[in-house]
Each structure stands twice: as C-alpha cells, then as structure tokens.
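**Student:** Fold the following for me, if possible:
(2 chains)
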2 protein chains.
Amino acid sequence: MTLALLINGESIANLTHAVSASERGLHYGDGVFETMLLTGGGVRFLDDHMLRLETGCQRLGIAAPSPNVLRNDIARVAARLQLAVIKVIVTRGASGRGYRPPESVAPTRIVAAYPAPEPGANEIIVNWRQTRLGRNARLAGIKHLNRLEQVLAQTEPRSGDFDEGLMLDTEGEVVSATAGNVFIVRDGALCTPDLRFCGVRGVMRAQVLRTAGGLGHTVSEEPLWPHDVEQASEVFITNSVRGVRSVAALGDRRWAPGAVAQRLREALQL
Amino acid sequence: MTLALLINGESIANLTHAVSASERGLHYGDGVFETMLLTGGGVRFLDDHMLRLETGCQRLGIAAPSPNVLRNDIARVAARLQLAVIKVIVTRGASGRGYRPPESVAPTRIVAAYPAPEPGANEIIVNWRQTRLGRNARLAGIKHLNRLEQVLAQTEPRSGDFDEGLMLDTEGEVVSATAGNVFIVRDGALCTPDLRFCGVRGVMRAQVLRTAGGLGHTVSEEPLWPHDVEQASEVFITNSVRGVRSVAALGDRRWAPGAVAQRLREALQL
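**Tutor:** Model (predicted):
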C-alpha cells in the first residue's frame, strides 16, 4: 500500500507487521501528521509542513524529532520517486497502558511514500456533510491523529458522487472540507473560517492567505456560516496535495469557473 | 509491556513490530476499545463489555468481529493468568491513505493482557483538570480511540499528587474523570452526568445505576456542574478495572468515607 516506508528510520520490509502494538498513536491517537506532495522539484512547501509538525508536537507536549532527522527520512523514502504523496506521522511513542504517558518516552516517526492521486479537474462538486466537528480550542488548528469525525463524514451514505464535502461544527459554523480548507469570495474579498474552535490550519491555506494579499485581495479569517458560502461569488477548497480547487456545485447552487482561484493557481504554480 | 498479545488471533512474538503501518486505528483513531479486569473467576462484566464494543462498532460503521471470535481471543490471552487487565481494540482495519475507507476492509482486533494495577485505597484525592472535552453527540458514549483530550488532561502540570482528575466539557458541564465516570449523592439520591454530548458510558457506571436502584436509591442521569459536585454529600468515581472509589478531597473540599459507595462496593462484590 506504500511505495516506501521508514519507521524510526528503519526500512521495514514486512508492512503488515511494522508498528508496535503498544503505540500510543494507535491506542489514543496521540500524535500528529503531515501529508505532502513530492514532485520532480522536491517536496512542495516542505518548510511549512515541518514547522506545522513541530508546532503540533509542542501543543501536545510531544518531543518532536529534530527537523534534520525528519528531512533525512523524507529524502530516503522520496529517493528515485518523481511524483508521490509523502506522509509523516509523529507520535508520543510506545508505552504501557493508560492515558498518562511515562516520564520518558521516545517519539515514533513513520515516514511513508504513497502513490500520488490522479490529477483531477480544477472544478469539483461538493455537498454539506451531516457529521459535525466538535469544538475544542485546545486541539484547534493542529493536524493531530484524532480524525474520527472526518472518517465518519467520509462514510456517510451519499445521494450522488461528490469530490469533497463541507463540514460544520456542532454550533453550525462552517469549518472546512473533510480534507482541506475552504475559502469564499465576497465583494471581491477572500474569507476563510478562523478555526478558533476546530479544523486544521492547512499549509495550502497559509500559502493562499499570503499570496492573495500580494495579488491585491483583501483577506480575512472570520466565522462563516452556510449562507455565507451559498451566497459567495466564488468558493474554493485548498489542500496541500490537490492544490486549489474551485467549487462548481453545492446542492442547487452552481458557480462558473472562479477567476480568483485561477489567479491563485497561477501565482502558486499549482 | 504486555503479558500476552494476539493480533487477528495470531500470537505475535515481536511486540515492537506487530501492527500494520497502514492501520486506520493509528492513522485516524478509527476504532474502539475495552478495558476489563480478569480475576480468578474470569473477566468481570464480560457480557457488558462485549455489548458496548459491538454498539461502538455499529455507531462507527465498523464490521464488528463476531463475539465468539473475540471471546476466544480473550480466553487465549487470559489462559494461565489469575489477575490481569485485558484490553481489546477493534479498528476498521488497514487501508490506503485517505479518510474514506475502502468498500471492503477487514477489521483488526488486538487483544492483550497487561499487569493489573496495584490494589489502591477506596478513598482517592482528585482535582479539576484544565483540559476540556469537546462536544459531539455523534461520538458521545462510545469508547473510541480518539483520546487526545484524556491524554492532555493526564499530562497537565500538577501542583500535587492526585489519583484522578475531573473533566468538564467546553461549556463547563461536568462529564467524567479522565478514566472513569463520576457520581454524586444529593439529598440521598444518586446523580451522574447524562453524557449526551461527550464522555464514555462506562460498564461500571451501568452496573452502579442498576444496583443503586435495587438498594432503594433514586438514580438520575442529568447535566451536572462543578458546584453540584462540590456541594454533594458524597462523590465517587467508577471504572471497570478499579471499581467504585470514593472522593475524599477535591480542592479545599473534604468528604468522610462515603456510605453509598461502600454499599455499592459490597453489593457489586468489588
């Protein structure tokens, strides 16, 4: 299922028996991850991904592996690959039973290369998902391993074929796509949810926020509600691997290909 | 770290390389678990644990292994042990990358025996933890693998030595201990949080609710707030492995050994 795999720097031949059964990442989701696109030129936005991983580890009190060690692992699984998705998982490590970690525990790092997804269209069809995201400012923004809500959103019975789904939090605010951030254009200005209670601060989201300013757009992070999305002149979804994808349809609402998203794709060379 | 371990029924000798690196339990916390006490007479409340595991799998859309298969695994890891903690993890299984599970995926079952904790006192000292529990009715009640909030509550810097901690949800309602449910006695009646938004419906909690009625107590499940706990005449914490433990101190508040908890311990033969 992977193209290459390193666990704590060791190349593991037997993929089905690779991780400790005492792994806290398995028992509690006690860790963080990153998903990156490897192209001919290297790993896109690698510095941003490394920084977010480190921030996530700090927030959870996990001793992050040194950036050099992680970069070396990534280079090893990326060797001889032209196009792939690189996933890095860092957990608090393996321990005995119980939520409380031992005083001293060595973090586990899992670095794997997966086949890249087929390049898809720049315009996608999305729906509103029923599964809500719980609010907890303590976990908001970081890309931790507690992702049952996203899994449930992706296992909902669906009435059609959707490329992505938009998720609300338990109070009804718009948060994100199941695997990406959402932006709207309103009176020429870009807005994206502020993620103060939940959601992941995406690397592509940060790139878009930076780049849009340079293109002369007003950008803001603020609470958004479903009607803000439905009334927007343009909606797009960002994801580190898939780039910037314009929403062409959401329920009965249709949008023509978005000019702002197109300018961002060009500026970001996606 | 374990006394015995089975993964999908196979006895794994090399505990450090045992679980697939593609395990959805690791990538997303996509699964459920049970923790049970094995004593000379067998696994305590085994039927209740099996039922909750099945309910959890149903709620998450995971194809639960047959109860007979799980009971057989448990009997095998329990063989020749007199006293131990048995932990069962059932995940959606190993899959490729992405939140959306494949159409067909075989669940993973991990059954392990751990050393039982030292028998502790019936009276314990607890504090309020700062880490809050996010609300999400979709996940409330089941014992899923997304447990970062509990881990964070157990890694908080602490000003003293506490046996357990009480947790509030993000709105300030009392939910539970970090690893157990909480009951209060108020005007002779037993109350415990209703867990409509978060928390785990504990097996010992259900036993106490059943047994207390038989002992002539009024029992209710309802929203509770910190002042309800602090003003209660008696407070106790329930846990499948540790039984019913009376709270002797919480902040400045002290309680004498509780009579209701003592009657419950006797009735439940803990």
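**Student:** ok, the closest residue to residue A:223 other than its chain neighbours to chain B distance?
**Tutor:** Nearest non-adjacent residue to residue A:223, counting by Cβ to Cβ, 6 or more residues apart in numbering or on different chains: residue A:173, 5.5 Å away. Every residue, glycine included, has its C-beta placed from N, CA and C. The gap separating residue A:173 from chain B is 13 Å, by Cβ to the nearest Cβ, to the nearest Å.
**Student:** Make sure residue A:173 is actually in contact with residue A:228.
**Tutor:** No - at 9.7 Å, residue A:173 does not count as touching residue A:228 under the criterion of Cβ atoms under 8 Å.
**Student:** Now for the residue nearest to residue A:223: which residues touch it?
**Tutor:** A:193, A:197, A:223, A:224, A:225 (Cβ atoms under 8 Å, 6 or more residues apart in numbering or on different chains).
**Student:** quick one, phi/psi of the residue in the stretch 151-270 of chain A that chain B sits nearest to?
**Tutor:** Nearest residue of the stretch 151-270 of chain A to chain B (Cβ to the nearest Cβ) works out as residue A:154 at 3.9 Å. Torsion angles at residue A:154 (phi, psi; degrees, to the nearest 10) stand at phi -90, psi -10.
**Student:** And the closest residue to it other than its chain neighbours, its phi and psi?
**Tutor:** The shortest distance from residue A:154 to any non-neighbouring residue, by Cβ to Cβ, 6+ apart, is to residue B:100 (3.9 Å). With angles defined as degrees, to the nearest 10, residue B:100 sits at phi -70, psi 120.
**Student:** how near is residue B:100 to residue A:54?
**Tutor:** Applying Cβ to Cβ, to the nearest Å, the value for residue B:100 to residue A:54 is 29 Å.
**Student:** which one of those two has more residues nearby?
**Tutor:** Set residue B:100 next to residue A:54 and count neighbours by other Cβ atoms under 10 Å in any protein chain shown: residue A:54 wins out with 18 against 15.
**Student:** The residue nearest to the more buried one when sequence neighbours are not counted: what's it in contact with?
**Tutor:** In space, and not counting its chain neighbours, residue A:54 is closest to residue A:64: 5.0 Å by Cβ to Cβ, 6+ apart. Applying Cβ under 8 Å, 6+ apart to residue A:64 gives the contacts A:53, A:54, A:57, A:58, A:90, A:107.
**Student:** in the longest helix seen in chain A, what's buried?
**Tutor:** As assigned by DSSP state H, the longest helix anywhere in chain A is helix A:46-60. Using 16 or more other Cβ atoms under 10 Å in any protein chain shown as the test for burial, helix A:46-60 gives A:46, A:48, A:49, A:50, A:52, A:53, A:54, A:55, A:56, A:57, A:59, A:60.
**Student:** Identify the farthest-apart pair in these.
**Tutor:** Farthest pair in the buried residues of helix A:46-60 (Cβ to Cβ) is A:46 and A:60. Separation: 21.5 Å.
**Student:** And the strands in the stretch 51-200 of chain A?
**Tutor:** Counting by DSSP state E, counting those that start in this stretch, the stretch 51-200 of chain A has strands at residues A:84-91, A:108-115, A:123-128, A:164-168, A:174-177, A:181-186, A:189-192.
**Student:** Relative to residue B:209, which of these is closest?
**Tutor:** strand A:164-168 (33.5 Å).
**Student:** returning to that earlier point: distance to residue A:31 and pLDDT for the contacts of residue A:64 - can I get that in JSON lines?
**Tutor:** Output for those, formatted as JSON lines (distance: Cβ to Cβ, whole Å; pLDDT from 0 to 100):
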{"residue": "A:53", "distance to residue A:31": "10", "pLDDT": "97"}
{"residue": "A:54", "distance to residue A:31": "13", "pLDDT": "97"}
{"residue": "A:57", "distance to residue A:31": "8", "pLDDT": "98"}
{"residue": "A:58", "distance to residue A:31": "13", "pLDDT": "97"}
{"residue": "A:90", "distance to residue A:31": "6", "pLDDT": "96"}
{"residue": "A:107", "distance to residue A:31": "8", "pLDDT": "95"}
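**Student:** Could you single out the nearest of the residues you listed to residue A:243?
**Tutor:** Within the contacts of residue A:64, proximity to residue A:243 (Cβ to Cβ) peaks at residue A:53, which comes in at 20.4 Å.
**Student:** how about low-confidence regions in the stretch 1-150 of chain A?
**Tutor:** Counting by pLDDT under 70, the stretch 1-150 of chain A shows low-confidence ranges at A:1-2, A:12-17.
**Student:** so what's residue A:168 up against?
**Tutor:** Residue A:168 touches A:128, A:132, A:133, A:174, A:175, A:226, counting by Cβ under 8 Å, 6+ apart.
**Student:** and the first one, what are its bridge partners?
**Tutor:** Going by DSSP bridges, residue A:128 is paired in beta bridges with residue A:166.
**Student:** And it, how far from residue A:248?
**Tutor:** Going from residue A:128 to residue A:248 by Cβ to Cβ gives 15 Å.
**Student:** the more surrounded of the two?
**Tutor:** residue A:248 (19 against 15).
**Student:** Stretch A:33-48 near chain B anywhere?
**Tutor:** Yes - judged by Cβ under 8 Å from any Cβ of the partner chain, stretch A:33-48 and chain B are in contact via A:33, A:35.
**Student:** ok, and for that stretch, which residues are buried?
**Tutor:** Of the residues in stretch A:33-48, those with enough neighbours to count as buried (16+ other Cβ under 10 Å) are A:33, A:34, A:35, A:36, A:37, A:38, A:43, A:44, A:45, A:46, A:48.
**Student:** and if you look at stretch A:190-201?
**Tutor:** By neighbour count on 16+ other Cβ under 10 Å, the buried set for stretch A:190-201 is A:190, A:191, A:192, A:193, A:194, A:195, A:197, A:198, A:199, A:200, A:201.
**Student:** can you give me the end-to-end distance of that stretch?
**Tutor:** Stretch A:190-201 has an end-to-end distance of 16 Å (criterion: Cα to Cα, to the nearest Å).
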